[in-house]
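Peer 1: what follows is a protein structure lacking sequence information:
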């Protein structure tokens, strides 16, 4: 995910409609994360007050930042266009799915890997259609 710079940042007020799809904790996390210089641990402490251990805070922050819905809001904030974001999400999902398929099916075969790659190709095709339409 690209880091926002001063030229392409979208103000928090404009992000509010996109943030409505998030849970209250995720909205609190993002508001704090965007206002504190991208300090995920501080944002996690505020949004998830029951999270006390340093390792748990770190993990929860990474989990929130890894959610597609949160990444979409951050991409809007960074000025990233929809096609770039969809491509990034598709590639991230594919990496995750391929790792999972390989881990689960070492001796069974590559059926899950084929399904993962098929899913990726469909996603990339839809992104290509979106780019050609736009």
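Peer 2: Arrived safely, thanks for sending. All of these numbers come straight from a predicted model, not from anything done at the bench. Numbering: from 1, shown residues only.
Peer 1: distance of the most centrally placed residue in the chain from residue 79?
Peer 2: By C-alpha atoms, centre = their mean, the chain has its centre lying nearest to residue 71, at 3.1 Å. Note on residue 71: its distance to residue 79, by C-beta to C-beta, to the nearest Å, is 14 Å. For every residue, glycine as well, the C-beta is placed using N, CA and C.
Peer 1: ditto for residue 58
Peer 2: 28 Å.
Peer 1: likewise for residue 26?
Peer 2: On the measure of C-beta to C-beta, residue 26 and residue 79 end up 21 Å apart.
Peer 1: just residue 36 next, same as before
Peer 2: Distance from residue 36 to residue 79, by C-beta to C-beta: 20 Å.
Peer 1: kindly report the same for residue 130.
Peer 2: For residue 130 relative to residue 79 (C-beta to C-beta), the value is 18 Å.
Peer 1: likewise residue 22?
Peer 2: Distance from residue 22 to residue 79, counting by C-beta to C-beta: 20 Å.
Peer 1: between these two, which has more neighbouring residues?
Peer 2: The neighbour count for residue 22 versus residue 79, taken as other C-beta atoms under 10 Å, is higher for residue 22 (18 against 14).
Peer 1: helix, strand, or coil at that one?
Peer 2: Following DSSP: H, G, I helix; E, B strand; the rest coil, residue 22 is assigned to coil.
Peer 1: give me the below-cutoff pLDDT ranges for this structure.
Peer 2: Applying pLDDT under 70 to the chain flags the ranges 1-8, 12, 82, 101-102, 105-113, 116, 128, 131-134.
Peer 1: now do 50
Peer 2: Filtered on pLDDT under 50, the chain yields the residue ranges 1-2, 4-5, 108.
Peer 1: how about the helices in it?
Peer 2: For the chain, applying DSSP state H gives helices covering 12-19, 24-35, 40-47, 54-66, 68-78, 82-104, 111-133.
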